[in-house]
Structure formats: C-alpha cells, structure tokens
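> Curious how this folds, go ahead:
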Amino acid sequence: MAASSKSSQKAKNVVLALLALWSLVSLIVIVVWGTSPDLKSSAVCRAELQELTEKMEGAKVVSGKNKEALEELLEEARQDQDRQRVQNLLLLGRLNATNVTLEESRQENAVLNGNISVLLEGVEQLRQTEVNLTAQIALQEEHMEALQQNLTEAGHLTESCSNNRAAAESQKLAAQSQTRACESRQEYLHKQLLKCKDVDSEAPQETQQQDSSSSSPLAAPLFLLVCSALHLMT
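Below you'll find the model as predicted:
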C-alpha cells in the first residue's frame, strides 16, 4: 500500500510537470509566431492570434480542470495515505500485541519445559519406587507363603493336639471309670476282709467243733487261706 501511494504521487507530479511544460511551450510558440516576420496580412495574423488565444484559453481551462482533478486525486491519495497510516498504526499495535503474546508464550513454554523436566524426574522416581515396591511385594509374598506354610503346619499340629486331647480325655474318662471300679472293688474287698477277720476270731471255736464233729477236715484251712489272700490284696 505504501509503494502504491508513492507511485500515484509520482505520477501526479509527472502529469503536473507535463502540463506546465505544455503551457510554457504554447506561450513560446505564440510569442515567436507574433514576433516573426511574416508576409501574412494583419487580419490573418489577428485571426490566427485569436484562434491561438482561444486555444490557449481552452488549454488553460483544461489545465485548470486537470489541476483540479489532480488536486482531487492528490486529496484522495492523502486520505488514502492517512487511512493507510491509521491501518499501519493498527497493524503496528497488533504486531506489538502479538510480540507481547509471543514473549508470554515463550515464557510459558520455558515454564512448561521446566515443569516437564520436573514431571519426568517425578516419573523416574515413581518408576524406581515401583521397582522397590515390586521387590518388597515379592519378599512379602515369600514371607506370606512361609507364614501360610507355618499356619498349615500349625493347623495340622492343632488338629493333632485336639486329637491327642480327645484321646487324653477319653483315656481320662476310662481311667476315672477304672478308678471308680477299683474303688468299688476295694470297698468290696475291704468288706470281705472284715468278714474274714470276724471269721478268724471265730475259727478256734469252729475248729474244736469240727474236731468233735464228723465234718470234712479241709474246709477250715481253705477258708483261712482265702481270707489271708484278701488281706494281702488290701
């Protein structure tokens, strides 16, 4: 747009210069024509002079119109130049705003690059943490397997202990039953011993009676032998 304004201004200047040159040449021609010795009559000269004057006036009118047209064009060119200047200022403002935005974008990019670096470091730390946690989880799994094995063995041991306890309870009940049977047997034998002692005290009298009677001589010794055995068992 600036180049077109300069070219239009240059064209207007060239047209004005050509009009001025044409007017000057016309005046010179008229002066030379009027002062040169000629065989024409004065009437013819005046007629030609009148014609040239009319042409000159017409040329002045045309020159004036052309000048007005050129001035109008010049004014339009100035207005165009003013509008172009305003547009240039607007574009300059936009360009400055764009430069500011671009600078802000560059700063934001620098901040983002820094944040990306921090995030990459964080990701690397997380990866290392993941590796460490994976190793710890593997160790924990091994420990859990060992604990599970120990728990299984403890369950078997508990079951065995429960079975042993049940067997011991059964044996205890059997022992208690046997104890009660033995106590009952002991009580019975004690009663029999008391009977035997009573019989011992009565044995001499019965012996004398048996000697005088016709009963069997082996009955009394056998009874005494049984009583002695019961006494030893108690």
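> CA atoms for contacts and neighbours, from now on please.
Fine.
> what packs against the lengthiest helix in the chain?
Across the chain, the longest stretch assigned as helix under DSSP state H is helix 42-212. Under the contact criterion of 3 or more CA pairs under 8 Å, 6 or more residues apart in numbering; DSSP states H and E, helix 42-212 touches helix 2-35, helix 219-233.
> could you give me the average pLDDT of that helix?
For helix 42-212, the mean pLDDT works out to 82.
> Off-centre distance for that helix?
7 Å (CA atoms, centre = their mean, to the nearest Å).
> Can you flag the weakest of the helices and strands packed on helix 42-212 by average pLDDT?
For these, where the average pLDDT is lowest is helix 219-233, sitting at a mean of 52.
> so how far is residue 191 from residue 185?
For residue 185, the distance to residue 191 equals 10 Å [CA to CA, to the nearest Å].
> again but with residue 92, I slipped
On the measure of CA to CA, residue 92 and residue 191 end up 138 Å apart.
> Residue 133 now?
82 Å.
> Next: residue 175.
Distance, residue 175 to residue 191, by CA to CA: 24 Å.
> ok, residue 130 - contacts?
Residues near residue 130 by CA atoms under 8 Å, 6 or more residues apart in numbering: none.
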